[in-house]
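Q: predicted model and sequence below, questions to follow.
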Amino acid sequence: MDTLTKLGILADAAKYDAACTSSGVSRGPSKGKLGIASDAGCCHAFTADGRCVTLLKVLMSNACSYDCAYCVNRRSNTVPRATFTPRELAQLTVDFYKRNYIEGLFLSSGVMGTPDATTERMISCLELLRGEMRFNGYVHAKAIPGTSPDLIDRLGRLADRLSVNVELPSAGSLSALCPDKTSSAITAPMAQIASTIVGERRLGAGDGRRDSTQADGLAQVPRSDANRRRAGLGRRGARAGSFAPAGQATQLIIGASPEDDNHILQLSRSMYERFGLKRVFFSAYMPVVDDPVLPCPGTPVPLRREHRLYQADWLMRYYSFSPDELVSAEEPWLDLDVDPKLAWALRNIDRFPIEVNEAPLEQLLRVPGIGVTGARKIVRARRGHALTFDDLGRLRIVMRRARHFVTCSDSIDPACPLDAELIRQRVVSDASSSRYNRTQRAADRQLSLF
Amino acid sequence: MECEASAEGVLAATGVMYLAHVDPAHVRVEGMGCCQPRLGEASLAVETDVALAKRVYTGLERTVARGCRRSNGVGCPGGCTGACARKVLLACTSEDARMPDEVMRYVRLGFEVGPRLSTLGADPVVAPVDQLAKSSANEAERLRQFARFSHMADGSFLAIARPKAAVLPFAAGYFTARLACERFCLVDVRHAQALVHEAQGRSAIVGLPAADVDRLASMDLAGADGDLAAHDERYVRAMWKGFYDAMALPGRDASHRGYDLRKQFMPERLWGGLPELDPRSGETGGYVPPAYGGDHLAQEGGRLRGDVLQDMRPI
């Protein structure tokens, strides 16, 4: 089987994993090496469904020994199987990289016999890539639950980011759908990765980038390079030997099991806090396997739910929202027609309107239609003079949503209703009539006919 | 006033206006050949004076950076959130016909208000330049994203792009860092310039003669000019197209969303230069490079697949 055929099989097998970012680490060129890594990442293509392609996302092999019910590669499924040799995958990465097709490699694999045997093969590929082929670009590797700690450690020293897929939001669903996996086998490598990253940063062998995990650790170790040398520690900010400098991530499948959004967001928060995750990815379940414990084939992909969960996750990471503000035990589902920030603002309409010329940044960030960039622009621009609604328009604030929730020099937008209930009706009607919501509702209705 | 629609041209025209004590309220600046004088107006063409343009730019940097916490007294660092002076250079790459006049007014305002310029984002003079700069920055990002290199027969890499702003200088650093050890050439046929990089790390942006631009613009490495490419090029393209096609997920496309997310992120005008969207890329031509020949072929020397390849040259 030539590489073209293998690639067709193994890319197809990997596509259900939603995570595909090359962000989180910045690395300049190095003499004699190929490639760089940029903090913000770079999307080199977009698939027909609009997802970004930034990495060569493939499986090392789809010949999997496990039998997870939702997975297209499960051992009881009849699909073509293929396995890359480490060298051909490393060569493929370099060839794609040189043509500016990708930012690097996203390497995952079905379990070829045992997790250790699979990880050793992945490590061989990355050693070739980093060593013989002197590849300096981005590498994201999946750590397979059940892999021994020393292999996880070796993998983390070759990759920029590691991830362990949680897969399902509860231990009950995991045991029902993944008979070969346990929650402890998943959390053990996550904990190891988190503690190694923190340990490395304490010793200053990370990528030199400051983040929240550094703050408490640095207070206990020598700060000057001379003192660090005497203490047998690495130079501050040195990059050598860094372990997963872009941190770790995970993925959850949405819609294959009955857990609600409240459960999923609370779980995300606890994983961010416990394992210092950079990202939690949500992957809307796509019915590809006929199994009585799963939604039947033909069920629409829960795209809107996935979208709302990503928005809620964004609000938690960049806007200081807590999951309790977005969902609760009484209202455990995110509103599908209205984005979570707007839904929060409508539930808390007594906190609005806020005065654009006086509100602190964190309050501006809570206004629907004002994002991080917009809020910063407002703070900067109001130093010059008091802002008007025309000024906000020139700053490219999304006034269609924001105008109901702000005042400029104590005056409200003349086109806005005064009554809170009317505001609610208008914004909900605007949001519900969007093309996206209309199309999704039509898909749901079509299904209900059957 | 007519000037070359480039950073050097517009800054030089702004300098000439200042030196001639012309009231900007009575002047419009247009790109060369674009000026249509109204009744009672006179047209004046200003030559591009690089030294004067540099002087104006350095002066602007110094003026807007006065008092800036990040400038350390040596001029605008260009990396601050305002990036007030650097955005002039970005805005000047735009092909928008209003660019020369809007940039001139922005530069004049910068000299007038100094460091306060960064707080005037909502000002009618600043906002249009912000938009031009943002649009050009987006175009530079698209060049970084969607330039596609081909492996040529001489071992170098060649990419041909058609950005709608002259942003090659803003994307050059990315490519020279990324492919530091490779010999490559990135050609902007629309603005007749090319980034040329040697494997030893030397690189330059050079202007191209019209004849070369025409030849490069019509080059078709997937078709008639395929002989110019290295032997592995068609196979690698086919793999990339196969990978790209395999990545698409059913149930999430434009008909399910109500809008086309791909067109939003990857404008259709760029599709012609993307091998993944060229149906011809799916053809390998029968040749399989040794590295990709599969295990049994690798053991045999990995050269051949089928009888059409007997005369293929080794890589």
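A: Noted; the coordinates are in hand.

Q: what segments of the chain are strands?
A: You didn't say which chain, so I picked chain A. A:45-46, A:52-53, A:55-59, A:104-108, A:138-142, A:161-163, A:248-254, A:279-284, A:354-355, A:406-407 (DSSP state E).

Q: wait, chain B
A: B:2-3, B:30-31, B:150-151, B:157-161, B:184-188, B:193-197, B:203-207.

Q: and the first one, what does it pack against?
A: Read that as strand B:2-3. helix B:7-19, strand B:30-31 (3 or more CB pairs under 8 Å, 6 or more residues apart in numbering or on different chains; DSSP states H and E). All C-beta atoms are positioned from the backbone trio N, CA, C, and that covers glycine.

Q: kindly report the same for the fourth one.
A: Where contact means 3+ CB pairs under 8 Å, 6+ apart, strand B:157-161 is packed against strand B:150-151, strand B:184-188.

Q: quick one on the thing from earlier: ok, which of the strands of chain A comes nearest B:Leu270?
A: strand A:45-46 (10.4 Å; CB to CB).

Q: is that closest one positioned near chain B?
A: Yes: using CB under 8 Å from any CB of the partner chain, we find that strand A:45-46 touches chain B at A:45-46.

Q: and for the closest residue to B:Ala291 other than its chain neighbours, the neighbour number?
A: Leaving aside its sequence neighbours, B:Ala291 sits nearest to A:Gln91 (CB to CB, 6 or more residues apart in numbering or on different chains; 4.6 Å). Neighbour count for A:Gln91, taken as other CB atoms under 10 Å in any protein chain shown: 20.

Q: for chain B, what's its nearest residue on the stretch 1-150 of chain A.
A: A:Gly50 (2.5 Å; CB to the nearest CB).

Q: quick one: contacts for that residue?
A: A:Gly50 sits next to B:252-254, B:257, B:260-262, B:264-265 when contact means CB atoms under 8 Å, 6 or more residues apart in numbering or on different chains.

Q: what about 10 Å?
A: Taking CB atoms under 10 Å, 6 or more residues apart in numbering or on different chains, we find A:Gly50 in contact with B:248-249, B:252-254, B:257, B:259-266.

Q: same check, this time on A:Lys142
A: A:Lys142 touches A:14, A:17, A:19, A:59-60, A:106-109, A:118-119, A:122, A:155, A:159, A:161-165, A:249, A:251, counting by CB under 10 Å, 6+ apart.

Q: please name the residues that touch A:Val288.
A: Counting by CB under 10 Å, 6+ apart, A:Val288 has contacts A:16, A:70-72, A:77, A:79, A:294, A:297, B:249-250.

Q: from those, pick the one nearest A:Val338.
A: Within these, distances to A:Val338 taken as CB to CB reach their minimum at B:Leu249, with 25.6 Å.

Q: tell me how many other residues surround the closest one.
A: Around B:Leu249 there are 19 other residues, counting by other CB under 10 Å.

Q: repeat for the one 3 residues further on
A: If you count neighbours by other CB under 10 Å, B:Arg252 ends up with 20.

Q: skipping its backbone neighbours, what lies nearest it in space?
A: Per CB to CB, 6+ apart, closest to B:Arg252 is A:Asp49, 3.7 Å.

Q: am I right that that neighbour is in contact with B:Tyr259?
A: No: A:Asp49 lies out of contact with B:Tyr259 (CB atoms under 10 Å); the separation is 11.8 Å.

Q: circling back: among the helices and strands packed on strand B:2-3, which is nearest A:Gly369?
A: Nearest of the helices and strands packed on strand B:2-3 (CB to CB): helix B:7-19, 34.4 Å.
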